[in-house]
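**Student:** sequence and predicted structure below; questions after.
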Amino acid sequence: MNGVHDMGGMHGMGPIDPDSGEPIFAAAWERRLFAVLMATFTGGAYNVHEFRRTVERMAPADYLNSSYYKKWLYGLEAIMVETGEIDRAELEAAWAAVK
C-alpha cells in the first residue's frame with residue numbers, strides 16, 4: 001500500500017512522536033463520536049475493515065488536513081450512508097440542526 005493514509009511507514013516522513021501529555025479527547029464532540037463509533041461497531045453496523053476502507057477513501061488533501069477524530073467522523077458518516085443506516089438527507093438535516 002502506498003496511500004496517503006499509510007504515511008506513517010513511509011521513508012522520509014519522520015518519526016511518529018505522540019505527546020504523552022495530550023488528552024485523549026481534545027473536545028467534547030470527540031468523546032461523543034467515540035461513544036457512537038463503539039455503539040455502532042459493537043452493534044454490528046459494520047466491521048473494522050469496512051470502517052477503515054471508508055476512512056481511506058478520503059481525498060488526500062482532506063485526509064492530511066483532518067484531525068484523527070475528524071477522519072473517524074468522515075468514516076462513520078460514509079459507512080452509515082452506505083449501509084443504509086441513515087440516508088444522506090437525514091444526515092444533512094442533522095448537521096443543519098446543530099449548526
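**Tutor:** Alright, I've got the coordinates. Numbers count the residues shown, from 1 in each chain.
**Student:** sketch out the low-pLDDT regions of this structure for me.
**Tutor:** 1-14, 16 (pLDDT under 70).
**Student:** buried ones in the host helix or strand of T54?
**Tutor:** Following DSSP states H and E, one finds T54 within helix 48-56. Of all the residues in helix 48-56, those buried under the rule 16 or more other Cβ atoms under 10 Å are 51, 54-55. Heads up, the C-betas are built off the backbone N, CA and C, glycines and all.
**Student:** now for it, which elements pack on it?
**Tutor:** Secondary-structure packing of helix 48-56 (3 or more Cβ pairs under 8 Å, 6 or more residues apart in numbering; DSSP states H and E): helix 68-82.
**Student:** so what touches the very next helix or strand once past the helix it packs on?
**Tutor:** As assigned by DSSP H and E, the chain's next helix or strand after helix 68-82 is helix 88-98. By Cβ atoms under 8 Å, 6 or more residues apart in numbering, the list of residues contacting helix 88-98 from outside reads 77, 80-81.
**Student:** for helix 88-98, list the C-alpha coordinates in PDB.
**Tutor:** Below are the C-alpha coordinates for helix 88-98, written out as PDB (Å, rounded to 0.1, in the frame of the first residue of the first chain):
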ATOM      1  CA  ARG A  88     -27.900  11.500   3.000                       C
ATOM      2  CA  ALA A  89     -30.900  13.800   3.600                       C
ATOM      3  CA  GLU A  90     -31.200  12.700   7.200                       C
ATOM      4  CA  LEU A  91     -27.500  13.300   7.700                       C
ATOM      5  CA  GLU A  92     -27.700  16.800   6.200                       C
ATOM      6  CA  ALA A  93     -30.700  17.600   8.300                       C
ATOM      7  CA  ALA A  94     -29.000  16.500  11.400                       C
ATOM      8  CA  TRP A  95     -25.900  18.700  10.600                       C
ATOM      9  CA  ALA A  96     -28.200  21.700   9.800                       C
ATOM     10  CA  ALA A  97     -29.900  21.300  13.200                       C
ATOM     11  CA  VAL A  98     -26.600  21.600  15.100                       C
END
